[in-house]
Each structure stands twice: as C-alpha cells, then as structure tokens.
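Enquirer: all I have is the shape, not the residue letters:
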C-alpha cells in the first residue's frame, strides 16, 4: 500500500511555514471562545489563550509556530498509543472485547454499553479505552513503564513523563471511570483488578507533551506503521490504516462526523486542548490550544486544522 | 484541491480486470450467506446468489465482471443523489435541519431524535433522508421528475426509472417512515405535507440501476463535484469532499465504522444489495449482491470491496 | 369484595362541606403558580386562576365548592372511559395489546415502545390510549356516538358534548400522536386506519365536563363497577379494581408515584386541569384548576386532593 | 387516619387457616415453573419446589401453612427496613437524594440515572437502595448492628442474622452495584466511601428470615407506623402510608403495575423468593417460594397473594 497517495513533489512545494504562521494569526479571535476543562483543578488552572502548532514531514522536517514547545496534558490522545500497543499484541482478537463503531451522542453511552452487554462501541470512548488498558495490564508486568518507553521512542523525546498532580487528581475524581470499569467487569469484559486498570489508564492520560513531540509521535501512523526516522515497525500497514480509520470515525468524541466533514483527516483530541492529526503518506500535525468547544475538543485547534486543509488543499476525500 | 491524490500512472498500471475477476471468484462462497431484504415482497423475491461489479476510471474506462448489467433496486443509495441536490440548493443552511454525526446503534435512533428535538443525526438515516426530501419537496415543483433527470444525467443512462411495484409496496408498508415524518413535523422540522415527502422519498428509493450505471453515477463525487465525462459541475469541491466524508462516517448504517475499518473508502449501501464507493481523484465502483448481512449491507458486496482495496493496495488511510 | 372497606358510618360523620370550603381557601395561593397548557390555542386561552371541586357519595349526595359547575376540556381523563369500554368488550385479551406498567420518565417513552416492539407500557400514556382507541374503533361501527352516550349515562348529564374547536385544533397539531399511531401500526399493533383512530381519540379527549359531572361519572369505579344511582353494571368488580389500580400506578403521567405518595388515591388527570379520584367503596371526587405543574397535572388540583386526604384522614394505604 | 379502613369484625369472620391451606394446594403446580436466582452460587443451590406462608393480624394471631418456618435470604425485602430507618432519620430531606417514581423497564435504568444526574428514581431499585444505605452509613457509627437490631425488634426474633456466605458471594459478584455507587458518587449523590456503603448494603440483604418472622416484621407498616404488639412507634402515620404507597408502585421491580393489577396490595419482593405484603389496618403477610418469574419475583408467591385477595375479597382498590 505504501506510497499510493504519497506525493513528495506536491508537498515539497507547499509553503508550510507561511501557511501555519497565517493560521496562528487567523485563529487569534477564537482563542478566547473556548472553555478550559475544569473537572479537575490541575486542568482548570491552564490559561486558555495559548496556541501552538507543529507539522512534521516523513523525512523529519518540521515547521512550527506559536507555543509549539510548551508542554500540556495529552489526556485522551494517549488512547492512540495504548491502542497501538494492544492491537500489536492481541491482533484482531482485540475486537472481541471492543467494537469499532462511533458511539452516538454521549447521553446514551451507558445504555449502549448495557444494550451491548458490556462491550464498548470503540476504543476511544472511555469505556473502550479502559478495555484496551485492561488488555495491556493483563498481559504485561510493568505496563506503565512500557507505554512511557513507547512514547519516548516514537516522539524521540526521552524526557516525557507523567504529571503526578494530574494523575492524583484524576484518580480522586475518577468515579465515573470506576463505574464504567466495574460495569464492564460485571459483564465479564475486564480481566484485571479495576484499580490496576484505572492506575494504568490515568497514568498514560497524565503524560505531558508539546506540539513538536506530538507531531513526531504520530509519524508512524502517517507512514503505514513504520517510524520513518528510526525505521522501526510498530504496526503492519493494514493495522496502521485501521487505526487511522478509527481516528477519523471516532477520534473526536461526539464531533467525529463534524471533524471529518470540516477537516477531513484522521485525528485524535484530548481535553488538555491537544489534537494530533495525520495525512497518510505525507505528514503528521500536532496542534494545541486549551480552550475547548462544547464537545470537549480544542476550539482553536480544530479551526487551525480546518484552515490547514483549506490552505493546502489536502484532504483524504 | 483537485488532483492532489490523483495518480494516473499508478492507477493505470493496476490489472483492474484481472483483479475484479479474481474477486468474483473469491466472493463465491459468500453469496449464499446473506439474507435478501424481505420487509416488502418485491425485494424478498430476488434470488440471493447473484453478483456484479463495475469500476469506472475518471476517463470513463470501465471494467466489469459478473452481472454488472442486471438492474436492482438502489434504495438508500439514492439518498446520496437527494443529498447532492439539497446541498447544492440550500448550501450550509441544510445543516440547520439535519446533523452530520454517526447515529450509534439503531435501537435508540428514536430516543436520539427525541433528545435532539427532531433534528436527525445525519442525512443517511431514514429520518435524515426524510428531512432532505422535505427540503427538496418544499423548494421544487416537480421534485420526482427532477431527481430522476439528475440520475439520468450522472449515470448517462436515460432509461432509468422507478419500479412502481416497489414504490407501491414501500408506501403500503411505510408506517415507520410515516411515524418518523410526523414526529419531526411535531418538532417543526418538516415543512411540506407528510404524504408529499413520503411520495418523493419512496420514489427515489425505488429507482432501478445496475453496477455499470452506479459506477458512472458516482464519478462526480470521485472527481470533486464535477462529472469528468460531461464536465458539468454539480457541487463545489469542498461540498463533494464533505459528502464523501459523510459517506465514510455514516454511509453503511450501523456498520460505518466497520466499513471504514475494513474497506477504508467512502461508500453508500442500499437494502437492494447495491453499494457504491469512490476513490477520490481516481475512480468509482458499483457492486451488487442481494444477500445482506445483519446490518443490512450486501455481505458479498462489502467482501468484494475489502478484497479490492487489499489487492490494489488503495486506501484513503 | 364489595363493601369490605365501605364504612358509611365513618364517612357520614365527616364535615365534608366544611372541609372542601376550607380547601378552596387554602389552595388560593397556588392558583397562580401553575401554567395553563398551551400546545393548542384553545387550551392556552383559559384563565389559570380558577378552581372548583365536587365530592359525591355512593348515595348521590354531593358537596361542591368554587366553580364546580364550570365546564372544562376533560382531555386525558376520558382515557378512563375508553379503557372501561375496551376492557368490558375485550376482557383480558386487551392486555395482549397494551401493558400495565408505569412508563418511567417521558423522555424515553419512544425507546421503550421500540424496545417492547410497539406494545405500549400502559393504557394511559398516549400510545396506550391509541391502542385502546383502536380496539374500540375496530369493533364498533359508531364509536364516537357510543362513548359520548356512555359519558351521558355515567354522568347523568345528557348535555355533554365535544368541543369542536378543541377537536380541530388537536387534529391540526396532532403530529406526535400520528407518529405514535404509525409507529405501532408498523409493528402490527394497530388494526384500523390511523386517521380513524386519531379522530375517535381526539373526539373523546375534547369533551367538556364540570366537577359535578366528573364526580358522578366516576361513581361506578368507586362502587366496584356498578353505578350506585342507576344500578347499571359496567364492569365486573375485579375489572373495576384493576382499573383503579391502573389509575393509582399510571394515572398522573410521570408523577404517579408522587401522587400515590402524597394523595394516596386512584386518580386520573387531564391537561385541561381536571382530576378525578375515587375512594373505593365510599365516594368519588372531581376537582379542576387549569394551572398545571411541570408534569402536566393540575397544580392546585393535586394540592386540593392532598389536603382532602389529610383533613379526612382517608387513604387506601 | 388510623382505623378508617380497619374492620375487625369482617376480618375476624374470614376462615384464614382454611384459605391459606387451600392456597398451598393450589400453588402446587406453579412451584416447578419458576427459576431460582443463580447470580451467586449460594442462592442457586436452593431447591425450587418449596412454599410457605404466614398471615399475622394486628393482634398477633398468626395463621401458617407449608414451610413457614424455613429460613431464606430476604434480599431486597430488607430495602424496606433500611428505608424505614432512613426516612425516620432524615424525614422529607431524604427525597432530595432519591425519587419516588416507578423506574420503567430495567434495560434503561442507567440512562435514566444519567438523565436525572445521579438521582435514582425510587428507593427500591438498586441505585436508590444504595443512596438510602449511604444516608444511613453517613449518619450512624455502627449501621449494620443497628439495622440488625431493628429487624430483631420488629420481627420479635433476636436470632436473625446475616448469612456470611451470601454476604461474601454478593461482594465478590457485586461489580454492578459498585458501578452504580461510583456512578452516583461521580454526581455527588453519595457521601460515604463506596466500599462502606456496599458492605452495609450487602449486609442487610444477606439476612435470613422465615415467613413467620416476615409477617411479624411488617406489622408496623400495616398499623400506621406503630408496632401493634410492642406499641413502639417507628414512623409517623403519614410516613407509614407513604412507604406503603412506594411498595405498591415500586415494590416488585418492573412488575409493580402487574402486581398492583393482580394482587392490589402494597408488597416487597426479594430474589430469595420471599414477598411481604400488607393490608392497611388489618394484617401482614409473608410468603416464600424460591422459583422466580422473569421479573425476579417469586412466581408461586405472587400467585398465592393473588389467590389470597381473590378468596378473601380484600383489596385496597
């Protein structure tokens, strides 16, 4: 499959630095419209009017603008990394425990979980990410060390680490996730102890990265499973393609359809305000702005990606 | 945007005839596994073990295999044509009346409609297609003639017509669609009379096409809104891209995530057993086999598309 | 069963006139707190600050206060009369088509109907009343004349009639009920034509009565199925008991539990502001005040019934 | 209120011993039709074809038949005792934390809990009983000792105790209740630690009683809150009336409407096969048979109560 849509000549002619600098200007008015996540105090203290963006080509060339080196809590973006590890380990058996369909609006997430006997709709809703976490915890002896090592490798930044304040706060306010985990355990869809699974899950969600790290960390998904800078293969090409399709259909909470409609790229957001997106065969993008829209996605981040695809005329559609 | 992913050289080297003939062989064992739609007698009488496939490049070159010239009821595939007309007419105002998000599993479709005050999740679930139908009926004096003319134009086949037996039978058994229409009217999200809307809707669903017609009819979506053979522009490039993203995220009922995962192309299915899919900038595909899977999609049709993307190594991801 | 709880001596000593006059005084402050139903203009024009009450003993002795002879639209109270006719006609076969369980909160009424394949939870939610209406329409040639004659007989007032403005307005705004009827027809749980059923249903809902009429009309339910003043038997004792239990568990929309908790009597309310309640073996009560609480029940009417059971120390519990 | 419906003369003439012996005969064919609860092994080992019944008048006279002195796990019947303690302690403040409405069918219990922001519909569904448990745990230092003492007092049997095997087994399989508790804690509707609440809850559910104990233990609810044999007042008359109304509308899971319809008495069932019911001002009844119907209520137990009200012609309706 590799290279079908790759078009080095076309991409190399795009004035990417100019484009992202323009975007930084144009998203200015949107920075104050979002609302910082405040379900835990650690996230609530972040100043909303911040913005950074980084674009990395498959050859490693990177274009940056704004606060592209400021760290933030990656939160749900980390679900992609956990899914990568679990999919590589379990292969298609993973789909016996978690589905691949969008979840519809969140108000009925629990009734769907009940209706489908404890099997979550996809790996990116919290219930699904807890099943993915369980599939890792039940297989590896030091799961947290392992996933952090994985993030070091793919980002090329061995300094990445968990934010212990965020971790502690998530645990203290994590009753809804505990409810989901116990609920799935009642259906037999959770092998390990609930507490171990929650520790691992809150752990990988609390890691801090910046846009530069994020753009590098997603290169393997833009390059069919193989990191283009280290040549290490993390997933088969067909598996990378499948994670990309999951990001497109389920990566931005209940706004995945809108994201596909407006942006048209596979991407994954987190409530810390980060979004990672990829253009298969071309590049990966990290963008960050802490103010969220009503769906929990970075308001200016999505706007930036929409402007990026408009200005570059790149789309998978 | 046009042409970014287009790669004539690569596509021109694919042995497409050989590939689709192989596919016809390989789907043989699957033809008897599906179940023909039987909610109306006219569809229930179709013999399940049939299969056809046609692939049309942007230059019009077409590759066919099996019963690619046998007509079948296009059913929900026609929702794409209605959406095209409504989107071209109303522009982004259309999205005030219908959403763009996947709908989750069907058992709670009504509760979602209730929760969201009569605004359907997307234009491809029945409720959404009825709103699209209303937006056409309330604007055009002869809506049925118009949409049939549109199908003649895009397929290049002026012989296409409604199947009056199917139309009558749909109307007679259409109480669920009548319920949806009255329900939305009670929320003020339906302008025209329920009966007029239903007549138009059942009309366009009852048109018969074959795989050859279908592959031609979807070329404008593979070519950014402009029909490559007639040069007529039906949609702006950004609009075509958006319909394609809707097909990917919502085009195959509650199996859209699975379709994106396995096939990785924008596509739209109908309970008559047809599926149309496109590869942006390259080609469009019509496939047909009447036996359906549990989600209401052609079982062998999806298998054929999965084999096609595997063998050609083409994917938007 | 007859007479077990009947206690003429005890009841005959209650100063009923004094009690209901006190109640009229005490509900004064509540008259302005409710909100008149306004989904159709005919109901929206009613002045909220009105109140009437009538209590009729089994011997016909009646105590009245306030506007007990002012007519109002009985609306859903009429569902009890339709249920009586259908139950007498069909016997326990009726319960194959409609259940006997409370419906939970209204937001999921449709999903329950879907989950239970078109069989409504009970005869007092709209879906259930439409099934009851269908069971009458499909059996009698002049159903509307018949139910109006029935109301004449049980109330002793042959002047009762439909309000044609209310009837027309209900029909015009009846899309939600049309949706329910088509939905059930799609499940095969509606024999007659949707329009005939709706005509009959809107007809009996649009009849006007006053508190005096209402108290008389419910005497047969307070007297085990036999009208105490005419000696005509409308229901077997066990059937009357069962309708009374249905009124207690399902008679006041999603506030039936609260009504049982606070009032403790079988009763049925309507959005016209009327409520009928009975004390088995003793008396029946008609009360009216047009201002509704958030559940659609007469705010001052419920308060009056609560005061009545407190002051008389009468309760079935 | 006391005594309005009381009718010693009428009751004293009923041949109660003969009636319950007849009932024991007549339920024979039903004993094998139910299915013993098997979600924990301790309940699954009980032999289904057992039956006992006890009727106790307000003067303490008791009529017994069958295995009326065989102990069984009272399970959810204990929710009435916990509710009594919580209602006496908190008064109407309790209703800020838990509602009083029937819950509709169980498949959407969680979505209702979500829709109503963590406030359960009533104190007898598990979520509601956990809130009641929390209201006791957060107020008393030795809650388990206290509720067991309460059961000793009202039953007159100081030998009642928890079954530690059942308790352990409930805890081990209690992930669904843990999910509910964490879910409500996430909404701020649970003050104490989840584990403490679960321990107290599983504790009172695991107590063993027999029909004779049960009939005595419910006398205070048949006598307006005051135990007729000890003269101790546990609840105000209006509070007892309200618990009785809750038992009628919500006491038998999703079959409360059917129970009211067929039996017509306030009652509470448990998955151990026990049911307690009361006739206000007259008597209380304990019945037991381990085979359950599809709603989780004792199949022969409900049949026995239906026969009892038919034969005695007693009903609150």
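Expert: Structure received. Note that the structure is predicted; figures quoted are calculated from it, not measured.
Enquirer: so where do the strands sit in the stretch 1-150 of chain A?
Expert: Along the stretch 1-150 of chain A, the stretches classed as strands by DSSP state E, counting those that start in this stretch are A:52-57, A:62-66, A:72-73.
Enquirer: other SSEs contacting the second one?
Expert: Translated: strand A:62-66. helix A:16-26, strand A:52-57, helix A:211-217 (3 or more C-beta pairs under 8 Å, 6 or more residues apart in numbering or on different chains; DSSP states H and E). (Each C-beta comes from the backbone N, C-alpha and C, glycine too.)
Enquirer: okay, the ones you listed in TSV with distance to residue D:66, mean neighbour count and mean pLDDT next?
Expert: Shown next, in TSV, are those (distance: least, C-beta to C-beta, whole Å; neighbours: other C-beta atoms under 10 Å in any protein chain shown; pLDDT from 0 to 100):
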stretch	distance to residue D:66	mean neighbour count	mean pLDDT
helix A:16-26	80	17	98
strand A:52-57	77	26	98
helix A:211-217	70	27	98
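Enquirer: how close does whatever residue of the stretch 101-250 of chain A ends up closest to chain C get to residue A:121?
Expert: Nearest residue of the stretch 101-250 of chain A to chain C: residue A:111, at 8.3 Å (C-beta to the nearest C-beta). Going from residue A:111 to residue A:121 by C-beta to C-beta, to the nearest Å gives 12 Å.
Enquirer: excluding its backbone neighbours, what's nearest residue A:90?
Expert: residue A:135 (5.8 Å; C-beta to C-beta, 6 or more residues apart in numbering or on different chains).
Enquirer: quick one: contacts for the residue nearest to residue A:273 when sequence neighbours are not counted?
Expert: Nearest residue to residue A:273, sequence neighbours excluded (C-beta to C-beta, 6+ apart): residue A:290, at 3.7 Å. Contacts for residue A:290 (C-beta atoms under 8 Å, 6 or more residues apart in numbering or on different chains) come out as A:34, A:36-37, A:46-48, A:50, A:72, A:272-273, A:298.
Enquirer: residue A:44 too?
Expert: A:36-38.
Enquirer: of these, buried ones?
Expert: Among the contacts of residue A:44, those classed as buried by 16 or more other C-beta atoms under 10 Å in any protein chain shown are A:36-37.
Enquirer: would you turn the contacts of residue A:44 into CSV with pLDDT and distance to residue A:11?
Expert: Listed next are the contacts of residue A:44 as CSV, based on pLDDT from 0 to 100; distance: C-beta to C-beta, whole Å:
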residue, pLDDT, distance to residue A:11
A:36, 95, 34
A:37, 93, 34
A:38, 91, 39
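Enquirer: of the contacts of residue A:44, closest to residue A:303?
Expert: residue A:36 (16.4 Å; C-beta to C-beta).
Enquirer: assess the claim that the closest one and residue A:291 are in contact.
Expert: Yes - here residue A:36 reaches residue A:291: they are 6.1 Å apart, a contact under C-beta atoms under 8 Å.
Enquirer: residues from the stretch 101-250 of chain A in reach of chain D?
Expert: Neighbours of chain D within the stretch 101-250 of chain A, by C-beta under 8 Å from any C-beta of the partner chain: A:107-108, A:110-111, A:114-115, A:173, A:175-176, A:178-183, A:185-186, A:194.
Enquirer: helix, strand, or coil at residue A:243?
Expert: helix (DSSP: H, G, I helix; E, B strand; the rest coil).
Enquirer: any idea how far it lies from chain D?
Expert: 29 Å (C-beta to the nearest C-beta, to the nearest Å).
Enquirer: check residue A:18 too.
Expert: Applying C-beta to the nearest C-beta, the value for residue A:18 to chain D is 47 Å.
Enquirer: quick one, what contacts residue A:129?
Expert: If a contact means C-beta under 8 Å, 6+ apart, then residue A:129 has A:76, A:79, A:82-83, A:123, A:201 as its contacts.
Enquirer: among the residues you listed, which are located in helices?
Expert: Members of the contacts of residue A:129 lying in helices (criterion: DSSP state H): A:79, A:82-83, A:201.
Enquirer: what about the helices in the stretch 101-250 of chain A?
Expert: Applying DSSP state H, counting those that start in this stretch to the stretch 101-250 of chain A gives helices spanning A:109-115, A:126-137, A:143-155, A:164-172, A:175-186, A:194-205, A:211-217, A:219-222, A:237-250.
Enquirer: just to be sure, residue A:296 is in a helix?
Expert: No - if the criterion is three-state DSSP, then residue A:296 is coil and not within a helix.
Enquirer: what is the neighbour count of it?
Expert: The tally of other residues near residue A:296 (other C-beta atoms under 10 Å in any protein chain shown) stands at 19.
Enquirer: ok, it touching residue A:274?
Expert: No - look at residue A:296 against residue A:274 with C-beta under 8 Å: they stay out of range, at 11.9 Å.
Enquirer: burial count for the nearest residue to the residue of the stretch 101-250 of chain A closest to chain C once chain neighbours are set aside?
Expert: Spatial nearest neighbour of residue A:111, excluding adjacent residues (C-beta to C-beta, 6+ apart): residue D:111 at 3.8 Å. Under the neighbour criterion other C-beta under 10 Å, residue D:111 is assigned a count of 25.
Enquirer: separation between residue A:20 and chain C?
Expert: Distance, residue A:20 to chain C, by C-beta to the nearest C-beta: 45 Å.
Enquirer: please apply the same query to residue A:257.
Expert: 22 Å.
Enquirer: so who does the residue lying closest to that residue once chain neighbours are set aside touch?
Expert: Take residue A:257 and drop its neighbours on the chain: the residue closest to it by C-beta to C-beta, 6+ apart is residue B:101, 3.8 Å away. With contact set as C-beta under 8 Å, 6+ apart, residue B:101 has these partners: A:102, A:104-105, A:254-258, B:121-122, B:249-250.
Enquirer: again, but for residue A:84
Expert: By C-beta under 8 Å, 6+ apart, the contact list for residue A:84 reads A:150, A:220, A:234-235, A:243.
Enquirer: where does the closest residue to residue A:316 other than its chain neighbours land on pLDDT?
Expert: Leaving out its chain neighbours, the residue that sits closest to residue A:316 by C-beta to C-beta, 6+ apart is residue B:316, at 4.2 Å. Confidence at residue B:316, expressed as pLDDT, is 94.
Enquirer: what residue lies at the spatial centre of chain A?
Expert: Centrality entry for chain A: nearest residue to the mean C-alpha point is residue A:77, 2.4 Å, by C-alpha atoms, centre = their mean.
Enquirer: and the pLDDT for it?
Expert: Residue A:77 carries a pLDDT value of 98.
Enquirer: how about residue A:238?
Expert: 95.
Enquirer: output the below-cut-off pLDDT ranges for chain A.
Expert: A:1-9, A:105-109 (pLDDT under 70).
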